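Undergrad: Just need the structure, nothing else, for what follows:
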Amino acid sequence: MNKAIAVFAALVLCLTSTSSALLIQEQLMNLGAANGVLIGGAGFNNATSVNLISGFNTQRSTSSNGHAVAFQHQDGTHFQVAFAAGEGGQFGVDQLGNSAANQKEVLDGKDAELDQNLDVGTYQGLAANGGNGYVGAIDGYVGHQVQVTLTRDGMNMNVTKVNVLETGEVRKF
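TA: Residues are numbered from 1 along each chain as shown. I've put the predicted structure just below:
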C-alpha cells in the first residue's frame, strides 16, 4: 500500500509542477524578385514596369500544461520600379532582389533561446546606349521579425527590422 501511495504522490507532483514543457518552433521564408524593361529603335519609345512581392509567416505554440507560450512572426516585401524612355538607341533596366529570413525559438523550462536572421540583397543594372533617353530605377525591401516567449518566470522578446532602398538613373541627351 505504501508503494501505491508513493507512486500516486509522485504522479500528482509531476502534474502540478510549475516547470514549462519543451517548445521548439522554427520558420523559414525566402523571397526572390526580378524586374526589368528594355526599349530600342529609331522612334521614341518608353516602358515602365512595377513588381511587388511579399510574404509572411506566423507561428504560436502553447505548452501542454499551459505554462508557456511561444510566438513568432516575420514578413517581408520586395518592391521594384523600372522606367526607360528614349529614341535612336537601346535603354534598359534590370533588377534582382533576394531575401532569406529564418527564426527559431527553443523554450525548455526556465531557459529560452531566440534566434533570428534576415539577409537581403538587391541589384540593379541601368544601360543607355546610343540615341537620347533616360532610364531610372528604384527598388528595395522592408521586413520585420518578432519573437516572444511567455512563461510564469517572465517574458523574452527579440525584434529585427530591415529597410533597404536603392535608386539609380542615367540621362543621355
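
Undergrad: any idea which helix or strand comes after the least confident helix or strand in the chain by mean pLDDT?
TA: Every helix and strand in the chain was compared by mean pLDDT, DSSP states H and E; the lowest is helix 2-15, with a mean of 42. Per DSSP states H and E, the first helix or strand lying C-terminal to helix 2-15 is strand 23-62.

Undergrad: Show me which positions of that next one end up buried.
TA: If you call a residue buried by 16 or more other CB atoms under 10 Å, then strand 23-62 has these buried ones: 23, 25, 27, 29, 31, 33, 35-40, 45, 47, 49, 51, 53, 57, 61. For glycine as for every other residue, the C-beta is placed from the backbone atoms N, C-alpha and C.

Undergrad: okay, which residue is most central for this protein?
TA: Among the residues of the chain, the one closest to the centroid is G76, at 4.1 Å (CA atoms, centre = their mean).

Undergrad: Is it correct that that one is in contact with V142?
TA: Yes: if you go by CB atoms under 8 Å, G76 and V142 touch, sitting 7.0 Å apart.

Undergrad: low pLDDT regions in this protein?
TA: 1-21 (pLDDT under 70).

Undergrad: can you rerun that using 80?
TA: For the chain, the stretches with pLDDT under 80 are 1-21, 109-110.

Undergrad: Just say helix, strand or coil for N65.
TA: Secondary structure for N65, judged by DSSP: H, G, I helix; E, B strand; the rest coil, is coil.

Undergrad: Tell me, how many residues neighbour it?
TA: 13 (other CB atoms under 10 Å).

Undergrad: quick one: it from Q147, how far?
TA: Distance, N65 to Q147, by CB to CB, to the nearest Å: 21 Å.

Undergrad: Ok, N57 next?
TA: From N57 to Q147 the distance is 12 Å (CB to CB).

Undergrad: what do those two both touch?
TA: Common contacts of N57 and Q147, defined by CB atoms under 8 Å, 6 or more residues apart in numbering, comprise Q72.
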